[in-house]
Every structure is written in structure tokens, then in C-alpha cells.
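S.K.: Return atomic coordinates for the entry below.
(chains A and B)
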Amino acid sequence: MDGTILSTEVMKSGAEALLRALKAQGVDVIFGYPGGAVLPIYDALFQQNAIRHILVRHEQAAVHAAEGYARSTGKVGVVLVTSGPGATNAVTGLVDALMDSIPVVCLTGQVPTHLIGNDAFQEADTTGITRQATKHNYLVKRSEDLARVVHEAFHVAKTGRPGPVLIDLPKDILIAPAPYSEPSFAPHRSYRPRTMPDAVRIAEAIQLLKRSERPIVYTGGGVINAGPEAAKLLIEFVRLTGFPCTSTLMGLGAYPASDPQFLGMLGMHGTYEANLAMHQADVMLNLGARFDDRVTGRLNAFSPGSKKIHGDIDPSSINKSVAVDVAIIGDATEILRALIAAWKKDSYKQDRAPIAQWWQQIDVWRSKQSLRYTQNRDPGSIIKPQYAIEQLYKATRGRETFITTEVGQHQMWAAQYFKFDKPNRWMTSGGLGTMGYGLPAAMGVQIAHPDALVIDIAGEASILMNIQEMGTLAQYRLPVKIFILNNQYMGMVRQWQELLHGNRYSESYSEALPDFVKLAESFHAVGLRAETVDDLDRVIAEMLAVDRPVIADICVDQKENVFPMIPSGAAHNEMLLGPEHKADSGGYTGKSVTDEGLVLV
Amino acid sequence: MPDSSMRSATISVLVENESGVLARVIGLFSGRGYNIDSLTVAPVERDGSKSRITIVTSGTEMVIEQIKAQLGRLVPVYRVLDLSREGPHLARELALIKVVGTGNARQEALRLADAFRARVIDASTESFIFELTGATDKLDAFLDLMRPIGLVEVSRTGVAAIARGKTAIE
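M.R.: Numbering: from 1, shown residues only, chains lettered A, B, ... in the order given. Got it, this is the predicted structure:
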């Protein structure tokens, strides 16, 4: 991108050059909120039809909407906000996108260059504030840099390990004429992420995998980010090898959840079979996951006997918390392609007897049915949240369905009980754990997939964090369904207080809740409520039948906890099982949460 | 088990000379809790387009590998070189050292400076300023000797380092 510009044309303003660059990058929708510093961009937007602008009600929501758009399409999500508070409100969304590796380009207004550093009205040091909140950021100080920076920002956002990129645009740059140049195909000067895996490492991996007796494939968001081809290759590889496969929260949908080789999610609230298989494995293949603390539990007890193979596009993810035996840097699609080819080419014939034995062991763990719960079906009975998700899942089968979530118990139940068979259908804030993510993310998904069924599985506390976006749903007639598991508690906080803080429910009760039915109606949506188990299926059916935004307020058991659970600081084989398994929890009661474990979040 | 012993590493980072690049590097160290024992930076290309940052840090082998990987993924970074691992290298820093005193102390300061090949670059009736270039431990040793005989102020550049032999960073 240096000096290889083929043709330039001077546009009448920076804003025009910006829009032209966005169009060249294939942008068809922007999520934004206007303000003084970005008025020239809004003026340019007004005079064209190629790019649609979705007006959100809060800048944080604009970023989450762009994330939802990006995660459900594989394209870059675009955000436009003003300087100062517009930019600072966007920060949570940017960090969310950074933690979950979501490609987003965020355009922020800035005071004119001559006022930068003067504490001008609505001035904030946006590039300073967002330096650690983005994959990369830019402050455009010269008109001649504008088009190049925009093109480069998209390149950085979507290649390598994807992430948010911010471009800070001083108002004078937006007003002054600016040259426009097309994207350059020359490689970037310094940024050249590696995508093709090293053949030697692939051979080492196959060597280990073929001789394994208790193998496991552990996949993460990297497989989703690599695109649908990676998910297809993952299925091919897992079926080819006959190995069991588990997934992180971020990776759900890459391997079909309804397939018998899938063990369910692993980690803190993962299934018994997934966690014990990780613990006992002799060879682990991690693809596009990062050994997150929610997955590993106590590090020195994490899968202690396994040889570990780690495929990741980000070299800094390798050996960060868990030392691995074989590191493969590359794109998940390319790694899988190479693994499949090498597996087939390798003449060594794997001894299948130990693998069959391994599956027998897994089936024993599976027979424990760690997600079992009991729903009393008598009329008037209280709804179990797990049952609500299962009924929702059943009712949506056969439809093109996208699920977003907020953060907390409902998120874990959604991950456990809603079965995803395709990638890009599951949007949740995994790394940052941002309450208020689900509704705006669902907006972004619905914009990208106008005819699909988009459901935000929410909690009554989380949903209030970005409830203002009900206005956006109404304005654009987005038929998003908000399915609130209402237990009148910040349920995950309550659960930890119950298990770790002596039932002292400090500030976790959702006092003075709104009437969600009336709230929906006041925002021109449909409000529904299920109070007992006999209401549930009717409410779900009604919600799905309506072609308008809906809030379904599902009143669920307040006391229900998410199980299984690996308490902080515990190992995978020290899992807490639910009340259904009281008799066989192996004597581990959770009382032995160590002081060391208590400090972990 | 990973090696848990600490080591010191001298890392050279070739970066695009653009605004904010040093903040990115420093922010990475503070944000992830890595040590910075010394840090120097200056443009090194004739056109000023690239800068070289030399960082002396310490940590376990796993942490140092992390630091290198984290530096490597910053967008404006061209090259990360762990000089302490990739063959022999030279590391030097420069110090300006102000020593105040009269009589014997003054004579002693001059004698020591001579032994260490420190240059006198300023003198008054009651003070000297020495300029001393060398490896960090040489500077430390000189300062330790000067302390009891009137050392009042020090300005050090931090370490600049380069690999021996004909191979260049790029």
C-alpha cells in the first residue's frame, strides 16, 4: 500500500471520499448515532442510497449490532459515532469485539485537527482511550491519508485474528476535499499475518493423533471466524478420525451439536463427558480456541496427561497459559485442510481398539446425563429455565434461526440446551461477558438476515442494560424476539453468592422490575408472559407467529442454578453436578473451594 | 513442566515510525504486567520511516515468548528480534554522571574515570560531568564507585543493542 496507488480522484469532501471507500469495501449498512463532529458524514449519507444507516439509541448498541451483523455474515461490521461521548460509549463494544475477535470498523468523529489537545467541546483522546480496546486504530491527520487508512482498516479488521479497528476522523478532514484511491493489493508494510500452516508441524500433529488412544478435538471461535468452509472441514476431519469433539462457548455450531461425536460444550458449565474426556485425554487437538480460564479451570490440573496440539492464527495465543507440544500457526481452514490431507496420506494405520474403548468410557460419562433436570408438568407448576430453552429449541427447529444472548445463567442454559448445527447462528459475548449485548446484537443479525428468526435469549437484568434499543426495533420493524428467562435475580451473581458466599444475596435481587409486557407495548412491540408451565408452549408459539418485535417474559424458577459447574480454582474432574445427581456427585460438594479459587472470577 | 526460572531478554523491535507506536508497545507491557528494565527508541532509517525500539525485560521463558508474540502482532511492527537468544550481541548504554566534590575526592573521581575510560565533558571548580559508554554492568560498577565520592546526578540512555556478525535485522 505504499506508493502503488494507481489512480486518484479528488472528492469534494473527506466525507465523500470516506463513503466511496466504504462502498469499495462492500459496506451496505452502518450502525450509528449522529453528533456535531460527524455531521459532514451524515450529510453525505443523506445524499446517497448505497449505504443504509441504522440509527441506534446508544453508541454501545451500535457496536454490538455491528458485531451481530459481522458474526452472522462473516463480513466486517461498521459503526459510526461522534467524538467525545460517542466514542467513549462505544468502548465497551470495542473491547467486546476485541475479546471475541470480531471484525468491526468503528468510525469516530473528532474535533478539528487544530483543536486537538485543547479540551474542546466533545473532545476525547479517542485513539489514546481505544488503543488497548482495538486491534489497531488510526487518527487521520491528512486528507491524503484518508482513503488509504479506510482500506487498510478493513484489511486489518478482517484478516489474521479478526478484531475491531477504529478510525478517528477530525471534522476538518471530513469537510476538506480529499483524494480518493482504490484499495491497493500490495502487501501491507508491516502487518502480514500467517495463514498457511507449517507442513512439519502438521506431520507432527498427525503422528501424535494417529497413535493416540484417548484423543479429543477441542474447537473454538477461530473455526467460526475462519468461515463456513472451516466448519465443513472440521466435520470431515472429525468423522474421518472418529474422534470425540467438544467446543468452547464461542465455537458452538462449528460441529453439529446433534451429532453423536459431539460431547457438548466444555469448561466451567460444560458437560460431564466433555470435561472428563478433556481431563483423561492422551492427545488433545485444540483448533481456534485459546485455553481460556473458563475452559481450563485450575491450570496445573488441566488435562494433565495429554500431549497438546494447538492450531491458532494468533502466535500470541500459543503457550500463553498452557504449554503445548505442537504449535501450528495458521488459518483454521488451512490447518484443517492440511490435517485431512496428511491424515489420509499417512500410511500408519491407527489401532481402533483403544479408540473404541475410549468411546465406551465416554458413553459411561454420558449416561450420567449431566444436563438432566426435572420439570413438573402439572398445570400451575413453575417453569424450569432449562425446560423453557428446550421448548424454544423444539419450536424453532426447521426454521432458519439465529440466537443471541445477554450474559449470565440464561446464556449458559442457552449454550447447554439450544443445539446449534451450523456456524454463525450463535452470537454471545464470550470473552468480555457484556450484559446488554444480546438485544443490539440481535438487531444487527436481523438487519443482515431480514427473513430469518432472530431470538435474544435474555435475563431480566441484562436486557435492561440496552433496553432503549426497543426503539430501534420499532423504527426499522425488526421482528426480533426477546425471550426473557425472568427469575428476578442477577442469576449468575446469585448462584455464586449461594455457592461461595454463604447465601448472602448482596444486591443481586432485581428490585422494582418493569412490567415487560407493558414495556414492549410502549415500544410498539408485542408483550407476552408465561407464568406457569402450561403457558409456556402457547407463549412460544404466539411469539414465533408474530411478525413484529416481541418480548416474551418467561417467569422461571428463582432457585435454579447452572450445572454442571467447575468451581473457580477446581479441576475438570472436580465438577459439581446438579440436584438431580446429589446421590452420585462423588463426594465433592463445592465446600472445598479454595481461597485461591475464591479470588478468581 | 514449563521452565519457571527467570531470565533477562534484550529485544529489538523494528517499527513503523508513526504516532502512538511507542504508546502501543508500552501499553502492551503495562496492560499485561510485563517488566520493562530498559527501553530506548529512535528513528533508524534515513527517511525516518522506521524506528528501532530496544527493550530489556525479564520473565520466565514462557513470558518472554509471550512478549515477543504480543509485540509481533502489533500492526506497525516489522520485526521482533530476541538478541539474547539469537546468537551473540552487543549491548551498550551511555550515562552522563555528575560528581561534586573538592580535594582528594575530586582526584579520586578523576582516577576512577580514567580507569573506566569515562570522558570529562564538563568541569567546574567543584564538579565534573563524566560521559561513560558501556554495558549496563560497567555503568553500574562505575556509579557504585562514584556514589561515596560525590555522585549527585545521573542520566542514562537505556540500552541500545545489536547482533554481532553480518546479519541485519531485516
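
S.K.: so what's the residue in chain B positioned nearest to chain A up against?
M.R.: Nearest residue of chain B to chain A, counting by C-beta to the nearest C-beta: residue B:69, 3.7 Å away. The way it works is simple: take the backbone N, C-alpha and C, and place the C-beta from them, glycine included. When contacts are counted by C-beta atoms under 8 Å, 6 or more residues apart in numbering or on different chains, residue B:69 touches A:314, A:315, A:316, A:318.

S.K.: Name the nearest of those residues relative to residue A:285.
M.R.: The closest of these to residue A:285 turns out to be residue A:318 (C-beta to C-beta; 13.8 Å).

S.K.: wait, what's in contact with the residue most central in space within chain A?
M.R.: Nearest to the mean C-alpha position of chain A, counting by C-alpha atoms, centre = their mean, stands residue A:428 at 4.1 Å. For residue A:428, the contact set (C-beta under 8 Å, 6+ apart) comprises A:249, A:250, A:404, A:405, A:407, A:411, A:414, A:415, A:437, A:438.

S.K.: If we use 6 Å, what do you get?
M.R.: Taking C-beta atoms under 6 Å, 6 or more residues apart in numbering or on different chains as the criterion, residue A:428 is in contact with A:405, A:411.

S.K.: got any ranges where the chain has weak pLDDT?
M.R.: Just going to use chain A. A:1-7, A:583-598, A:600-601 (pLDDT under 70).

S.K.: hmm, I had chain B in mind actually
M.R.: The model of chain B has pLDDT under 70 over residues B:1-2.

S.K.: Could you list the contact residues of it toward chain A?
M.R.: Contact residues (C-beta under 6 Å from any C-beta of the partner chain) of chain B with chain A: B:2, B:16, B:27, B:31, B:62, B:65-66, B:69-70, B:73, B:75-78.

S.K.: got a list of what residue 101 touches?
M.R.: All of this is about chain A. A:161, A:162, A:163, A:225.

S.K.: wrong chain, I was asking about chain B
M.R.: The neighbours of residue B:101, taking C-beta under 6 Å, 6+ apart as the test, are residue B:150.

S.K.: follow-up on the earlier one: which of the contacts of residue B:69 come close to chain B?
M.R.: Of the residues in these, proximity to chain B by C-beta under 6 Å from any C-beta holds for A:315, A:316.

S.K.: so of the contacts of residue B:69, which ones are in strands?
M.R.: Per DSSP state E, strands hold no members of those.

S.K.: Name the residue of the stretch 1-150 of chain A with the shortest distance to chain B.
M.R.: For the stretch 1-150 of chain A, C-beta to the nearest C-beta, closest residue to chain B: residue A:136, 4.2 Å.

S.K.: what secondary structure does the closest residue to that residue other than its chain neighbours sit in?
M.R.: Distances taken as C-beta to C-beta, 6 or more residues apart in numbering or on different chains place residue B:75 nearest to residue A:136, at 4.2 Å, with adjacent residues excluded. Three-state call for residue B:75 (DSSP: H, G, I helix; E, B strand; the rest coil): coil.

S.K.: residues touching residue B:75, list them.
M.R.: Counted by C-beta under 6 Å, 6+ apart, residue B:75 has contacts A:136, A:156, A:191.

S.K.: Quick check: which element contains the second one?
M.R.: If I follow you right, that is residue A:156. helix A:146-158 (DSSP states H and E).

S.K.: List the contacts of the following helix or strand past that helix.
M.R.: Under the assignment DSSP H and E, the closest C-terminal helix or strand after helix A:146-158 is strand A:164-170. Residues from elsewhere that reach strand A:164-170 (C-beta under 6 Å, 6+ apart): A:94, A:97-98, A:104-110, A:112-113, A:126-127, A:130, A:134-140, A:149, A:153, A:156-157.

S.K.: one step back: and the contacts of residue A:101, which are buried?
M.R.: Buried members of these, scored by 16 or more other C-beta atoms under 10 Å in any protein chain shown, are A:161, A:162, A:163, A:225.

S.K.: Around residue A:552, count how many other residues there are.
M.R.: Applying other C-beta atoms under 10 Å in any protein chain shown, we find 29 residues neighbouring residue A:552.

S.K.: Please confirm that it is located within a strand.
M.R.: Yes - counting by three-state DSSP, residue A:552 is found in a strand.

S.K.: correct me, but it touches residue A:529?
M.R.: No - using C-beta atoms under 6 Å, residue A:552 is not in contact with residue A:529, being 7.4 Å away.

S.K.: For chain B, which segments count as helices?
M.R.: In chain B, the segments counted as helices under DSSP state H are B:21-32, B:61-72, B:104-115, B:136-146.

S.K.: What does the residue located most distally from the centre of chain B show for phi and psi?
M.R.: Centroid-distance maximum for chain B: residue B:103 at 33.7 Å, with C-alpha atoms, centre = their mean. Main-chain torsions, residue B:103, degrees, to the nearest 10: phi 60, psi -130.
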